[in-house]
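Participant: Fold the following.
(4 chains)
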Protein chains: 4
Amino acid sequence: MEKIIINQHKKIKLNDPILIEGLPGIGNVGKIAAEYVVEKLKMEKYADIFSEYLPPQVFMDDSGVVRLVSMTLYYKKMPKAKDLLVLVGDFQGTTQEGQYELSYFILELAKKLNVSMIYTLGGYSIGKIPENPRVLGAITNESMLKPLMAGGVVFPKGEPGGGIVGSAGLILGLGKELFDLKGACLMGETSGYFADPKGARVLVKALVNLLKLKIDITDLDERSKQIEQITEKMEQDLQNKPQKDDLGYFG
Amino acid sequence: MEKIIINQHKKIKLNDPILIEGLPGIGNVGKIAAEYVVEKLKMEKYADIFSEYLPPQVFMDDSGVVRLVSMTLYYKKMPKAKDLLVLVGDFQGTTQEGQYELSYFILELAKKLNVSMIYTLGGYSIGKIPENPRVLGAITNESMLKPLMAGGVVFPKGEPGGGIVGSAGLILGLGKELFDLKGACLMGETSGYFADPKGARVLVKALVNLLKLKIDITDLDERSKQIEQITEKMEQDLQNKPQKDDLGYFG
Amino acid sequence: MEKIIINQHKKIKLNDPILIEGLPGIGNVGKIAAEYVVEKLKMEKYADIFSEYLPPQVFMDDSGVVRLVSMTLYYKKMPKAKDLLVLVGDFQGTTQEGQYELSYFILELAKKLNVSMIYTLGGYSIGKIPENPRVLGAITNESMLKPLMAGGVVFPKGEPGGGIVGSAGLILGLGKELFDLKGACLMGETSGYFADPKGARVLVKALVNLLKLKIDITDLDERSKQIEQITEKMEQDLQNKPQKDDLGYFG
Amino acid sequence: MEKIIINQHKKIKLNDPILIEGLPGIGNVGKIAAEYVVEKLKMEKYADIFSEYLPPQVFMDDSGVVRLVSMTLYYKKMPKAKDLLVLVGDFQGTTQEGQYELSYFILELAKKLNVSMIYTLGGYSIGKIPENPRVLGAITNESMLKPLMAGGVVFPKGEPGGGIVGSAGLILGLGKELFDLKGACLMGETSGYFADPKGARVLVKALVNLLKLKIDITDLDERSKQIEQITEKMEQDLQNKPQKDDLGYFG
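Facilitator: Numbers count the residues shown, from 1 in each chain, chains lettered A, B, ... in the order given. Prediction:
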């Protein structure tokens, strides 16, 4: 079989579209944010992407109907603005080769659809639950630094150490070197310990700022508060735990 | 070498055949059930499939004659009914790529042989020995829900969590998305701890119901009872074991 | 690069040649035996085989001159008998794909050179040092059973359980199914704990018997005796070890 | 995508060039040495090499601008001497296939650029910090032994045991067997525990000797001294550490 197969649902013509990528990753903040945008903007499906670089697996809905794991590209025509494409998916490519091939495939598709700018979304793990998560940025061209900073994106020197691993970084890197495509990576700070709506919330806010989107983020506010309450409760429980428990092992 | 090689033994013309797939998996219930159908219906070999996606290994018979690991497709012409194809094998594909490529290969073959419906067989591990194992179902099309439920197949919401991994799921998923083929996955409940004829038995019973097959399941009844006796004995032994045995290590 | 590259050193025409394969494996007995045959028969190099299925590694001789890891095929024209080819090498293919591709490559080469019979050599681990190691056999055709048994090869039912993994088995299996080539696998019993000349010695003796070779096995006798003395000494040391040593941990 | 992609920056014609390879490896001494040569000779970029055999990763500069991981080939035209090419990179190929394919690609490029001699740089781990690290050598042709020894390179028999693994060895081995290219591997002794400028320093000195380069190694002297001071301090701290510290966990 072809290693990557696209099932195109629509023939569309887009106006200078912007591509937002949000695949699973650290704290799943990129995926949560991208799916939130798709839902709130009521975006339509453009294509499903199947690949042997994804796990050999199906998911089932409540009627038991299977769905092969995939990536999906959604689109929305935006009146008086650049059109929007959002890529979401069940998994990133599971191998190094898969990472490269899938990112390259997305970039070829983006080029064909005349994409002029790419935002990749990811998480940045800080190893503890951030009170006020920031959005860290990475860019393909220095000219993008000022507009992004104006949109609240932070560029701390030397972070993230080790660079960006996976599709959020690779799509930028391959896009820059081999497709002459501009892009930015937005990374929401997160503990990375669980699927984190708080980290996703700041990503959506950043996209709203940068792209002048009209998206109500109340739902993410709500989910973020729930997570906060759960983690606060867990911390209190830990503090109230009688000390001798810690010595339980020694009787 | 070609990554998948088929050795076809017969030229056959089948009437609207149904394909049953039963490869090794959880509790081996799919494999045991499919091999039981092949044996009881005295099916004939249609083709052997060799592949570098299978382990580099041979098995030997009692005379020391080697046999390369393979998948094998059997067929039977059924008077006044749809013909039958059954796929069994020594292994599933051992890599993600192998899983996709072998499933795709089977589906191409199925399409060529005018297969109209696929049943994939698998196990569903419940982590303990089930007294009365159920058959859980997954389907490619919602229209199949009622006939399957009428045949005793259960569709509990949210199960199996995480979907179906491996060929039993993938053949359905790829068949649906890329070959427009209808199919259902039948999963026999099993502990998953050992090769389980009890889980296989309910799968064969479900196939008998759904396809109006004439298969005597006495042998599987027998093997299921033997397994039951063994596991009951093990449980009793565990209960009767004097407590000090637990301290045996310290003498 | 081509995944497998052959550097042919000679153009030769062989008379109905027999191929002996001895690559590294359990106790390295196949490799030791095959290299012994090459040395004692003063065989000439026919070709080197390089491949990215082998480790990315060079070895060095005493002058520091590097040699890329490889497999090597040696030949010898035998007056009044079938000619001989022996395949030795630094490694087996390191992946499943590599195992299949390299075995297939060898078989294509064997077919081109009109090989009529293949002996693959391997070890059979019995988990302890065998006093009088036997040679176990596996065959592609039942007709070979009697001649091999006449040559001292043993065919115990159900052994080796799990069949034969790796090139010694795969060359037989692929040869039988896809090249219509006859072959036998000879497995020398060995502990499998170290490179074992005793296991290799019985393999060479079996080949001498079966192929009427004139090979002096005195050197292997010598090396086997040395190994025996070393292991006997180790056993004695173990027995003489004062018992309280065993309690050293609690002491 | 192509598995290896080259972005060529210049069209150049070189005079009988020598290729020096210094990729990451043991103690990173090869990489540090090669990058030092590039810096001190103010070499110019000839080409970037991207590949899915490298990790799916980008690095960022202080402005947050991303750079896809790569290998880079630098060149310098040398008046009255053979021209120079130096290959550096962020990573070696991460798989066995990647190792072979990238080395082969480099060799094809070297052949095209009329390279007549290759020096690969690596580290040789001796498991402790060497006081006066030596440079060990490996060669493709025995004729190179004397000139290299005259340049201070050491050829101890039987070292490195196990040969040379990775690109430093593979480029020599493939170059010799498949491209008829001469080469030598220079290995700086190092502990292998950290990026080691001392091991790199002796490599640069060896290159200066062998190729009559004019390179000021003062900076590497400085960095080597710093490392020496740090490690000396660590050793003293270890010796002065009060014994009860060892029981800190229970204290």
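Participant: mind listing the strands for the stretch 101-250 of chain A?
Facilitator: Per DSSP state E, counting those that start in this stretch, the stretch 101-250 of chain A carries strands over the ranges A:117-125, A:135-139, A:164-165, A:182-190.
Participant: Skip the chain neighbours and tell me the closest residue to the residue in the stretch 151-251 of chain A positioned nearest to chain D.
Facilitator: Closest approach between the stretch 151-251 of chain A and chain D, counting by CB to the nearest CB: A:G173, at 3.2 Å. Yep, even glycine has a C-beta here, placed from its N, CA and C like the rest. In space, A:G173 comes closest to D:L68 once its chain neighbours are excluded; the distance is 3.2 Å by CB to CB, 6 or more residues apart in numbering or on different chains.
Participant: In chain A, which helix is the longest?
Facilitator: Scanning chain A for the longest helix, with DSSP state H as the assignment, gives helix A:218-240.
Participant: need the residues of the stretch 101-250 of chain A near chain D, please.
Facilitator: A:101, A:103-104, A:137-142, A:145, A:155, A:157-158, A:160, A:162-167, A:169-170, A:172-174, A:176-178, A:185 (CB under 8 Å from any CB of the partner chain).
Participant: 6 Å instead, please
Facilitator: Contact residues, the stretch 101-250 of chain A versus chain D (CB under 6 Å from any CB of the partner chain): A:104, A:137-139, A:142, A:145, A:155, A:157, A:163-165, A:169-170, A:172-173, A:177.
Participant: and the least confident of those?
Facilitator: Note: of these, the lowest pLDDT belongs to A:K157, at 85.
Participant: That residue touches D:D62, doesn't it?
Facilitator: Yes: the criterion here is CB atoms under 6 Å, and A:K157 meets it with D:D62 at 4.9 Å.
Participant: Wait, a helix at A:L14?
Facilitator: No: in this structure, A:L14 is coil, not part of a helix, as judged by DSSP: H, G, I helix; E, B strand; the rest coil.
Participant: my guess is it contacts A:D83, does it?
Facilitator: Yes: judged on CB under 6 Å, A:L14 makes contact with A:D83 at a distance of 4.1 Å.
Participant: Run a quick neighbour tally on the residue nearest to A:G173.
Facilitator: By the criterion of other CB atoms under 10 Å in any protein chain shown, D:L68 has 25 neighbours.
Participant: Distance of it relative to D:V38?
Facilitator: Going from D:L68 to D:V38 by CB to CB, to the nearest Å gives 19 Å.
Participant: Next, the closest residue to A:G22 other than its chain neighbours: phi, psi?
Facilitator: Spatially, and ignoring its direct neighbours in sequence, A:G22 is nearest to A:A34 (2.3 Å; CB to CB, 6+ apart). When quoted as degrees, to the nearest 10, the phi and psi of A:A34 stand at phi -70, psi -40.
Participant: wait, doesn't A:A34 sit right on A:L87?
Facilitator: No: contact criterion CB under 6 Å: A:A34 and A:L87 do not qualify, at 7.2 Å.
Participant: Next, count neighbours for A:K146.
Facilitator: As a burial measure, A:K146 scores 9 neighbours (other CB under 10 Å).
Participant: just A:V135 next, same as before
Facilitator: Close neighbours of A:V135, defined as other CB under 10 Å, add up to 24.
Participant: Might you report the residue contacts of the nearest residue to A:K77 once chain neighbours are set aside?
Facilitator: Of all residues not flanking A:K77 in the chain, A:D83 sits nearest, at 5.2 Å (CB to CB, 6+ apart). Contacts here follow CB atoms under 6 Å, 6 or more residues apart in numbering or on different chains; on that basis A:D83 touches A:14-15, A:17, A:77.
Participant: For A:D83, give its distance to C:L170.
Facilitator: Distance from A:D83 to C:L170, counting by CB to CB: 54 Å.
Participant: What of A:S143?
Facilitator: According to CB to CB, A:S143 stands 57 Å off from C:L170.
Participant: So which of those two has more stuff around it?
Facilitator: Neighbours were counted for A:S143 and for C:L170 using other CB under 10 Å; C:L170 has more, 30 against 10.
Participant: Roughly how far does that one sit from C:G25?
Facilitator: C:L170 is 12 Å from C:G25, where distance means CB to CB.
Participant: Would you reformat the contacts of A:D83 as JSON lines and include neighbour count?
Facilitator: What follows is those, written out as JSON lines (neighbours: other CB atoms under 10 Å in any protein chain shown):
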{"residue": "A:L14", "neighbour count": "19"}
{"residue": "A:N15", "neighbour count": "13"}
{"residue": "A:P17", "neighbour count": "23"}
{"residue": "A:K77", "neighbour count": "14"}
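Participant: Closest to D:G199 out of the residues you listed?
Facilitator: Nearest to D:G199 out of the contacts of A:D83 is A:P17 (CB to CB; 51.5 Å).
Participant: what's the closest non-adjacent residue to the closest one?
Facilitator: Once flanking residues are discounted, A:P17 sits nearest to A:D83: 4.2 Å by CB to CB, 6+ apart.
Participant: and if you look at A:M1?
Facilitator: B:Y104 (4.0 Å).
Participant: Repeat that for A:E177.
Facilitator: With CB to CB, 6+ apart as the criterion, A:E177 has its nearest non-adjacent residue at 5.1 Å, and that residue is D:L68.
Participant: Spit out the contact partners of that neighbour.
Facilitator: Taking CB under 6 Å, 6+ apart, we find D:L68 in contact with A:173, A:177, D:50, D:58.
Participant: Let me know the closest of those residues to chain C.
Facilitator: Nearest to chain C, judged by CB to the nearest CB, of the contacts of D:L68 is D:F50 at 18.2 Å.
Participant: quick one: pLDDT of that closest one?
Facilitator: Looking at D:F50, its pLDDT stands at 98.
Participant: roughly how far apart are it and A:G183?
Facilitator: When distance is defined by CB to CB, D:F50 is 16 Å away from A:G183.
Participant: likewise A:G152?
Facilitator: Counting by CB to CB - A:G152 and A:G183 are separated by 18 Å.
Participant: Between those two, which is the more surrounded one?
Facilitator: Set side by side, A:G152 and A:G183 show more neighbours around A:G183, with 29 against 14, by other CB under 10 Å.
Participant: which residues touch the more buried one?
Facilitator: Contacts for A:G183 (CB under 6 Å, 6+ apart) come out as A:118, A:140, A:172, A:175.
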